[in-house]
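Undergrad: structure for this input, please:
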Amino acid sequence: MIPAYQKIIGMGIKAVPLILAELWAEGDQPSMWFWALKAITDDDPVRDEDRGDMVAMAKAWLEWGRANSVS
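TA: Numbering: from 1, shown residues only. I've put the predicted structure just below:
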């Protein structure tokens, strides 16, 4: 694991709005923040059929953020 990625996870819930903002800004080319989001929030809004579809996964997390007033 990349040390900087681990530090972000270590920030806990206060990192989630920043990660979601990054996913939103990346548009159709989202980075692999999904593992960190799951580790921090202990949640996973991604549907099984969307796994591997980075855009759909990002959309699920962005919707999760709005629903949970995080983003």
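
Undergrad: so for stretch 20-32, mean pLDDT?
TA: Summarised as a single mean, pLDDT over stretch 20-32 is 93.

Undergrad: output it as CSV, nothing but the C-alphas.
TA: Taking C-alpha atoms only, stretch 20-32 is exported to CSV below (Å, rounded to 0.1, in the frame of the first residue of the first chain):
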residue,chain,number,x,y,z
LEU,A,20,-15.8,12.3,-3.0
ALA,A,21,-14.8,15.7,-4.3
GLU,A,22,-11.9,14.1,-6.1
LEU,A,23,-14.1,11.4,-7.6
TRP,A,24,-16.5,14.0,-8.8
ALA,A,25,-13.7,16.1,-10.4
GLU,A,26,-12.3,13.1,-12.1
GLY,A,27,-15.5,12.6,-14.1
ASP,A,28,-15.3,9.6,-16.5
GLN,A,29,-11.8,8.6,-15.3
PRO,A,30,-12.2,8.1,-11.5
SER,A,31,-9.2,6.9,-9.4
MET,A,32,-9.3,3.9,-7.2
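
Undergrad: what residues sit buried inside that stretch?
TA: Residues of stretch 20-32 classed as buried by neighbour count (16 or more other C-beta atoms under 10 Å): 20, 23, 30. C-beta: built from backbone N, CA, C; applies to glycine.

Undergrad: which SSE is the second one in?
TA: Element membership for residue 23, per DSSP states H and E: helix 16-26.

Undergrad: mind listing residues that contact that helix?
TA: Residues outside helix 16-26 that contact it (C-beta atoms under 8 Å, 6 or more residues apart in numbering) are 8, 30-31, 33, 36-37, 40-41, 58, 61-62, 65, 70-71.

Undergrad: other SSEs contacting the helix or strand following it?
TA: Where DSSP H and E defines the elements, the next helix or strand beyond helix 16-26 is helix 34-41. Helix 34-41 sits against helix 3-10, helix 16-26, helix 54-67, with contacts defined as 3 or more C-beta pairs under 8 Å, 6 or more residues apart in numbering; DSSP states H and E.

Undergrad: pull out the buried positions in helix 34-41.
TA: Of all the residues in helix 34-41, those buried under the rule 16+ other C-beta under 10 Å are 34, 36-37, 40-41.
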